[in-house]
Structures are given as structure tokens and as C-alpha cells.
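> Pasting a predicted model and its sequence here:
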Amino acid sequence: MADTYTPGSYTKNFSWHRSYKKLHNAIRNGFSLGLAPIPREMWRERSRIGDSNRELIPLNFFLYSRRGLNEDFILVDRLVERAFADYDIDFARLALFAFHLAASGNWHHSKWPDGRVAGWANELIRTIAWKAGQWKNEAFTEGALKSFLDERIDGEEVTKRKVLTNYRYMLTSAGVLVDGRLQGPELRTPWPIDATQLFWDRQIFDGALQRTSGAHEFEATFFRHEIFKLLGCGPEQGRAFVLSAYRDYSTKRLAKRFQQLDELKGLIAA
């Protein structure tokens, strides 16, 4: 029997029909005090979204939360760092990857302790859309998506329709769909490297990668989670992204991620 998923706050309108600029601005605003772990409730206040339900969209579907003793924290990862550069289509592609990754961490009273708030989207890409090294157009037609969501989303018909509409808007605003047809992910820009590093960030935050983990472990977890499918490429191209991403990651960001976890332990203990 196939898994079913709750829609959460994804039924709310977040201006996906325009762009990912609202998400970009909210992340920047939420971290305006600096690139350091921030309490989840403080992030909500600083995001300037101004709607308690819509605030949950960045928090639950795109960012990463870590549960503390009394409060929860949002951690800094590659998506957060990328939000502090100017908005462009590559940010949208990276954000769409984060959505498909469905690894949002955990927080008090979460309905998704495994972090898979958008688990249906991860399943869609890995098991339906990806075939023989690329995404297939037929998986993203309205009919195919409706059929998939009817089976996977636990909700009323109007709820499933809102999920479908928002998802197709997201695909269009990221340049994946143009006039309803699949264009395929653009892989000749920096976002696949950023996406690979974002995946590793979340693995470190989850405790799946350690300070002692080497290049082999980073590559192995990439393939174990079939990240190349989320990128829309084959295994060999995925391996090339891993090699390039790890060279940059191991020298520029790896130590910072573990330092952030150390800092978070101090915040939780305080």
C-alpha cells in the first residue's frame, strides 16, 4: 500500500504563480540578525510574512528545524546562504530542490518527526518522474499529477486541487514547466553544486554524516538517497557533481556546519 501524506500548510497561496521572490525575501528577513541558528518563533516574527499559516510554508517545506529543550531553532544551510545573494532563477531551482528533498528536520509538536513534510514530492520525482537519467514530461501533466496526488494526499478534493495548483506554479516559476511542458532542469549553472551541498548540510544536521566522514561517505549518502534523480540527471553526471561539490564543500563549508551544531548545543544548554 502506498504511503499517504498530509498537505500541511501547502494549500496556502504563497505567490508561486509569480516567482520564489517571496520565499527569498522571507529567508533574508528571518535571518537578518546574522547567519546563525535562530529560534523558530523569532524567525517567524522577523520574516515579515505576517500570516501565521503562511509562515509555516518556508519553515516546514524549505528550511531546516532542530528541536531544542524548550524551543526550536532554524539552522543555516546552503539555501539560507544563497538567499543572501540577489534573487535569480537559480535560487528558485535550489528552493524547488529543497522542496523535493523533503528533509525539514524536527520541532516540538511536529506532525512529521521524520522531516518528510513534502514526502509526496520526493516520491514523485524519484519513483515516477525520473526515468533513464532524466525527468519525463508525462509525469508532470495535470492528469498524471492529479492521479498521483489523489492516491498520496490525505484530504478533500478541494485540498488536493490546491496542492496540484501550487505545485505546478512552483514548477513553472522555477523554469521546469513552460506552457505546461517539461523543459528539464538546467544543469549548466551552479545550482546543482549548491543542491548537493544543501543535501549534505541536512545529512550533517540529521547526524547521518560525522566530522570523521570522508569523501567516500559523502558520495555514498548522495547515491543512497538518489539525489541525482532530484537533480534530474543520471548517476554518472551525479558523480561529477559530487566531486565538484565536495572539493568546494570540504574547504569552505564543512567545518562551519559542525561549528554551528556546537553553537546550537550551547544555545540549548543556556
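Sure, I can see it. Numbering: from 1, shown residues only.

> Just the buried residues of stretch 38-58, please?
Within stretch 38-58, the residues that qualify as buried by neighbour count (16 or more other CB atoms under 10 Å) are 38, 40, 43-44, 46-47, 49, 54-58. Every C-beta, even on glycine, is put in place using the N, C-alpha and C of the backbone.

> same thing with stretch 7-14?
7-11, 14.

> Now go through those and say which are in strands.
Residues of the buried residues of stretch 7-14 located in strands (DSSP state E): none.

> Throw these into CSV and include distance to residue 213 and pLDDT, thanks.
Output for the buried residues of stretch 7-14, formatted as CSV (distance: CB to CB, whole Å; pLDDT from 0 to 100):
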residue, distance to residue 213, pLDDT
7, 35, 94
8, 32, 92
9, 34, 93
10, 33, 95
11, 38, 94
14, 35, 96
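
> Residue 164 touches residue 147, doesn't it?
No: contact criterion CB atoms under 8 Å: residue 164 and residue 147 do not qualify, at 10.3 Å.

> Closest to residue 140 out of the buried residues of stretch 7-14?
residue 10 (17.2 Å; CB to CB).

> Quick check: the closest one vs residue 254, distance?
Applying CB to CB, to the nearest Å, the value for residue 10 to residue 254 is 32 Å.

> likewise residue 160?
41 Å.

> Provide a complete list of residue ranges assigned to strands in the stretch 151-270 of the chain.
177-178, 181-182 (DSSP state E, counting those that start in this stretch).

> With distance to residue 22, mean neighbour count and mean pLDDT added, can I get those strands in TSV?
Below are those laid out as TSV (distance: least, CB to CB, whole Å; neighbours: other CB atoms under 10 Å; pLDDT from 0 to 100):
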stretch	distance to residue 22	mean neighbour count	mean pLDDT
strand 177-178	19	14	96
strand 181-182	24	14	96
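
> so which helix or strand takes in the residue most central in space within the chain?
Nearest to the mean C-alpha position of the chain, by CA atoms, centre = their mean, lies residue 98 at 1.5 Å. According to DSSP states H and E, residue 98 maps onto helix 89-101.

> Against which helices or strands is that helix packed?
Packing partners of helix 89-101 (3 or more CB pairs under 8 Å, 6 or more residues apart in numbering; DSSP states H and E): helix 21-30, helix 78-83, helix 119-123, helix 157-173, helix 191-206, helix 227-231.

> quick one: contacts of the first one?
Contacting residues not belonging to helix 21-30 are listed as 14-15, 38, 43-44, 46-49, 57-58, 62-63, 74, 79-80, 83-84, 87, 91, 95 [CB atoms under 8 Å, 6 or more residues apart in numbering].
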